[in-house]
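A.B. asks: A predicted structure for the sequence below; I have some questions about it.
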Amino acid sequence: MTESPIGIFDSGFGGLTVAREVLDQLPHESVLYLGDTARAPYGPQPIAVVRANALQCLDRLVDHGVKALVIACNSASAAVLADARERYDVPVVEVIRPAVRRAVSVTHSGRVAVISTRATHQSRAYLDAFTAAPAHVRVLSQPCPRFVDFVEEGITSGPEVIETAREYLAPLQEADIDTVILGCTHYPLLTSVLTYVLGERVALVSSAAATAADLFRVLTDTGLLRPSGSEAPTHQFLTTGDPHGFTPLARRFLGPEVEHVARAYVGRPEERSA
Ligand code: DGL
């Protein structure tokens, strides 16, 4: 079982920021990544649709025999947080609770913000996760829907994205926030813009880094971690969209490890046996 890959699921490419952290923090693990690019973006869609699509993808990864599931997508984590752990026999790690724990330990003033897609914002999943935090911690949720488009278009600097960031982040500055959770897979690629607008005294918490650390903890505690000295791991990437279109953008998010990309048919039973 330790030899089985870790299944990482995202709506599309963005979860590769989480996969990058997993490869860095757990270098002996093999990864099977599934991006539901054919039905992305999840962020603007109703939470019930996000939930149904996410569960189909997670079921598919479990069918492939993964030893653990990582829900890298914040919108999907928000949609299935309540019951994904009961649904599967393998450990499930999602991005919301690890990021909340990290933010609580990082904040000095107790004034924290979460920036995210509209689906994640509307689900209130981050706000719910903060109810277990100490009483002095206050959280503000701010949707930043255009950020995903900027990143996917390769626009991670320049006046347009900086101006948009200023508009989205103004309420955070008014509230004198000292810690911001990047509650969307794409936002680590905007770290420079966010720091430029917010200033260096505001701590940015990447859900990718916090999630990879949580995965390490879970695999260690369950005895599922692949030992150091194992043979080189192998990584595989599945997309519900066009594999040829997936590869270049995937390399931008993750790096040269993106080699084996194949098509996955999810949610269309007539094609599953193909
Ligand atoms: N992966 C999504 C998230 O983290 C962002 C992209 C999308 O909207 O599908 O919320």
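C.D. replies: Good, I have the coordinates.
A.B. asks: for whatever residue of the chain ends up closest to the ligand, what are its contacts?
C.D. replies: Per C-beta to the nearest ligand atom, Gly43 is where the chain lies closest to the ligand, at 2.9 Å. All C-beta atoms are positioned from the backbone trio N, CA, C, and that covers glycine. Residues in contact with Gly43 (C-beta atoms under 8 Å, 6 or more residues apart in numbering) are 11, 75, 116-120, 145, 148, 184.
A.B. asks: per-residue pLDDT, the residue nearest to it when sequence neighbours are not counted?
C.D. replies: Using C-beta to C-beta, 6 or more residues apart in numbering and skipping residues adjacent in sequence, the residue nearest Gly43 is Thr117, 2.9 Å away. Here, the pLDDT recorded for Thr117 equals 96.
A.B. asks: got it, and Arg272?
C.D. replies: Arg272 is given a pLDDT of 45.
A.B. asks: hey, where'd the strands end up in the chain?
C.D. replies: Shown for the chain, the strands assigned by DSSP state E span residues 6-10, 31-35, 68-71, 92-94, 111-116, 138-143, 179-183, 203-206, 236-239, 261-263.
A.B. asks: right, and those - which one's nearest Asn53?
C.D. replies: Closest approach to Asn53 among those (C-beta to C-beta): strand 6-10, 10.2 Å.
A.B. asks: on that earlier part again, can the strands of the chain go into CSV with extra columns for distance to the ligand?
C.D. replies: As requested, the strands of the chain are exported to CSV (distance: least, C-beta to the nearest ligand atom, whole Å):
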stretch, distance to the ligand
strand 6-10, 5
strand 31-35, 9
strand 68-71, 10
strand 92-94, 11
strand 111-116, 6
strand 138-143, 11
strand 179-183, 7
strand 203-206, 12
strand 236-239, 13
strand 261-263, 18
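A.B. asks: can you put those strands in TSV and add mean neighbour count?
C.D. replies: Shown next, in TSV, are those (neighbours: other C-beta atoms under 10 Å):
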stretch	mean neighbour count
strand 6-10	28
strand 31-35	25
strand 68-71	26
strand 92-94	25
strand 111-116	26
strand 138-143	18
strand 179-183	27
strand 203-206	20
strand 236-239	22
strand 261-263	15
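A.B. asks: re earlier: give me the subset of the contacts of Gly43 that lies in helices.
C.D. replies: Counting by DSSP state H, the contacts of Gly43 place 75, 118-120, 148 in helices.
A.B. asks: Which ones, among those, also lie beside the ligand?
C.D. replies: Restricting the ones in helices among the contacts of Gly43 to those near the ligand by C-beta under 6 Å from any ligand atom leaves 75, 120, 148.
A.B. asks: among those, which ones are buried?
C.D. replies: 75, 120, 148 (16 or more other C-beta atoms under 10 Å).
A.B. asks: The closest residue to Leu254 other than its chain neighbours - how many residues pack around it?
C.D. replies: With C-beta to C-beta, 6+ apart as the criterion, Leu254 has its nearest non-adjacent residue at 4.0 Å, and that residue is Leu16. The burial count assigned to Leu16 is 30, neighbours taken as other C-beta atoms under 10 Å.
A.B. asks: wait, what's in contact with Leu16?
C.D. replies: Per C-beta under 8 Å, 6+ apart, neighbours of Leu16: 10, 33, 35, 185, 250, 253-254, 258.
A.B. asks: For the spatially most central residue of the chain, give me the pLDDT.
C.D. replies: The geometric centre of the chain, computed from its C-alpha atoms, lies nearest to Ala72 (C-alpha atoms, centre = their mean), at 3.1 Å. Reported pLDDT at Ala72 in the predicted model: 97.
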